[in-house]
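Novice: coordinates for the following, if possible.
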Amino acid sequence: MNEEAQILTLITRLRALEASTHAGDGSSTMTDVARVLADIADMRAEMRLDLAALGDELASLRRHMDSCFAVIRSELIPRLGASPPEVINEPSGRPTGPCTTNGPG
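Specialist: Predicted coordinates:
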């Protein structure tokens, strides 16, 4: 089961527990509510870590692809006898050519 489905299940359980709190005994229900809230908080923390790791992986892939494109470009330009394409600098100072990324990082 994926994280979204687990969160939806936990939210549904939480709402059911909150509804039963208004109807009857509160001590065990409040414990259940606290447990569900803790589960949701744990799941959110795990998702934040997963997204941070994914961002790191994407940044690493971007750097790797940039270096690969630079090597390919440096090998192809002499073979084709063409002059290198103009490099236009963005306000950020990063060059934007055919094999560079314009994204953050």
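Novice: and the helix or strand where Leu17 lies, what does it pack onto?
Specialist: Leu17 belongs to helix 3-23 when elements are defined using DSSP states H and E. Judged by 3 or more Cβ pairs under 8 Å, 6 or more residues apart in numbering; DSSP states H and E, helix 3-23 is in contact with helix 27-80. Just so you know, the C-beta spots here come from the backbone N, C-alpha and C atoms, and that holds for glycine as well.
Novice: give me the mean pLDDT for the helix it packs on.
Specialist: In this model, helix 27-80 carries a mean pLDDT of 89.
Novice: that helix to helix 3-23, inter-axis angle?
Specialist: Taking axes from the mean of the first three to the mean of the last three Cα atoms, to 10 degrees, one finds helix 27-80 and helix 3-23 inclined to each other by 160 degrees.
Novice: packing partners for helix 27-80?
Specialist: Other helices and strands packing on helix 27-80, by 3+ Cβ pairs under 8 Å, 6+ apart, are helix 3-23.
Novice: mind listing residues that contact the helix it packs on?
Specialist: Identification of contacts with helix 3-23 by Cβ atoms under 8 Å, 6 or more residues apart in numbering yields 1, 29-30, 32-33, 36-37, 39-40, 43-44, 46-47.
Novice: good, wrapping up.
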